[in-house]
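**Q** Just a sequence and a predicted model for now, questions to come.
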Amino acid sequence: MTSLPDPDVVFAEHPELGIVAATASTPDGPDRGDHALTARGWVHHKELDIYTLPGRLDRASALTVVSGSIRALQNKGQIVAADPGLAQAVFHDRAEARNAAPSRLVADPTPRSWLYRPLPPCGAIPHPK
């Protein structure tokens, strides 16, 4: 059985602090997600060595920040893990956001009949020799 690599960043819910993140970074090692988290507004608490969201965000806003943070970390090649309950909440929040988003398709008022011209019969196209 193949073991999975250790994650660079882990997200979880804390009963008092809300959603938190922890990185596998060490003082003398490479950045394993710290910069990406602080760039998205996460606040590092050195005494606990965890990141929290700033202020009191409502649940939907917090899940949006978590979703964007996860996407940014994965785009940088970081391995990300999340508490199963939190991962499920982020997934549902993203699905609801997709379903609620207005359609980007706009009806085109100009007729495009020239797009739908019938093709000539097969015999009318000369075959290359």
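**A** Structure's in. What do you need?

**Q** in this protein, which spans are strands?
**A** Per DSSP state E, the chain carries strands over the ranges 9-14, 18-23, 43-45, 50-52, 80-82.

**Q** Run through this structure and note the low-pLDDT ranges.
**A** Across the chain, the ranges flagged by pLDDT under 70 are 1, 93-129.

**Q** Save the strands of the chain as a markdown table, and put in mean neighbour count and distance to residue 58 too.
**A** C-betas here are computed from N, CA, C, even on glycine. A markdown table is the format used below for those (neighbours: other CB atoms under 10 Å; distance: least, CB to CB, whole Å):
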| stretch | mean neighbour count | distance to residue 58 |
| --- | --- | --- |
| strand 9-14 | 18 | 15 |
| strand 18-23 | 20 | 11 |
| strand 43-45 | 12 | 17 |
| strand 50-52 | 19 | 15 |
| strand 80-82 | 18 | 19 |
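
**Q** Now render those strands as CSV, adding distance to residue 60.
**A** Shown next, in CSV, are the strands of the chain (distance: least, CB to CB, whole Å):
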stretch, distance to residue 60
strand 9-14, 15
strand 18-23, 12
strand 43-45, 20
strand 50-52, 17
strand 80-82, 17
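
**Q** how about these, which one is nearest residue 34?
**A** Closest to residue 34 of the strands of the chain is strand 18-23 (CB to CB; 5.4 Å).

**Q** partners of that closest one, with directions?
**A** In the sheet, strand 18-23 lines up against strand 9-14 (antiparallel), strand 50-52 (antiparallel) (DSSP bridges).
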